[in-house]
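sequence and computational prediction follow.
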Amino acid sequence: QICDWQRIESCLYCIQSIHRYIPSDENDFLPFCMNLIPQLPPDVSPLRFTASLTIGKYAAWLATHPQHMQPLMPYLAQGLSNAKCSTAAAVAIKELCEWSNQHVALGEPVLQLYQGILSAQEQQQQQHHADGSGGPVAVLDLRDELEILEGVCKAVSRQLQDASTSSPEATASYLT
């Protein structure tokens, strides 16, 4: 007996298979699908796995329709905490991030996802410390890690800024 979620999953696989043929200006079917994904049953791991892969397949389309990203990013973040679908969620996030390098429109939703993950980790860390089940305390706490990450990002951005203000020949040789 085929369950209802398996019918939905088969539709998602069909939608995945045509992702290369969908024009970037498609505004009828895909908005409906992308709005439907976060409403799928959250406790069916195979369905969440397939839905996450579907989101990743449409990263290029989502880059031109960033208004559909808001409900999808929390959906992917929740998928990261499920061992059975975390790889699919991570792949989808990776694909979205790759497109965010080409289209700035995805930058804000990806940043919101990152901030949401950090917030969830911080809450989890506080809960572990409050109930005494935190185990050994890490050498660096989250704030220290964020400061290190911020320093690395500033260093990289300085290098990029220096490269962009130098001559085009120097920039080309720097990037290759």
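Cool, the structure landed.

which of the helices and strands in this protein ranks last by mean pLDDT?
When the helices and strands of the chain are compared on mean pLDDT, DSSP states H and E, helix 168-175 comes out lowest with a mean of 50.

show me where this structure has its helices.
With DSSP state H, the ranges of helices along the chain come out as 4-17, 29-36, 45-57, 59-64, 69-80, 86-102, 107-131, 142-165, 168-175.

by contact count, what packs against the first one?
This points to helix 4-17. Applying 3 or more Cβ pairs under 8 Å, 6 or more residues apart in numbering; DSSP states H and E, one finds that helix 4-17 contacts helix 45-57. Bear in mind the C-beta positions are built from the backbone N, C-alpha and C, glycine included.

got the CA positions of the helix it packs on in PDB?
Taking Å, rounded to 0.1, in the frame of the first residue of the first chain, the C-alpha atoms of helix 45-57 are listed here in PDB:
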ATOM      1  CA  SER A  45      12.200  11.900   6.900                       C
ATOM      2  CA  PRO A  46      12.200  10.400   3.300                       C
ATOM      3  CA  LEU A  47       9.800  13.100   2.200                       C
ATOM      4  CA  ARG A  48      11.900  15.900   3.900                       C
ATOM      5  CA  PHE A  49      15.000  14.400   2.200                       C
ATOM      6  CA  THR A  50      13.400  14.600  -1.200                       C
ATOM      7  CA  ALA A  51      11.900  18.000  -0.600                       C
ATOM      8  CA  SER A  52      15.300  19.300   0.400                       C
ATOM      9  CA  LEU A  53      16.900  18.000  -2.800                       C
ATOM     10  CA  THR A  54      14.100  19.600  -4.800                       C
ATOM     11  CA  ILE A  55      14.900  23.000  -3.200                       C
ATOM     12  CA  GLY A  56      18.600  22.500  -4.100                       C
ATOM     13  CA  LYS A  57      17.800  21.600  -7.700                       C
END
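
between that helix and helix 86-102, how big is the angle?
10 degrees (axes from the mean of the first three to the mean of the last three Cα atoms, to 10 degrees).

let me know the pLDDT of residue 99.
Residue 99 carries a pLDDT score of 79 in this model.
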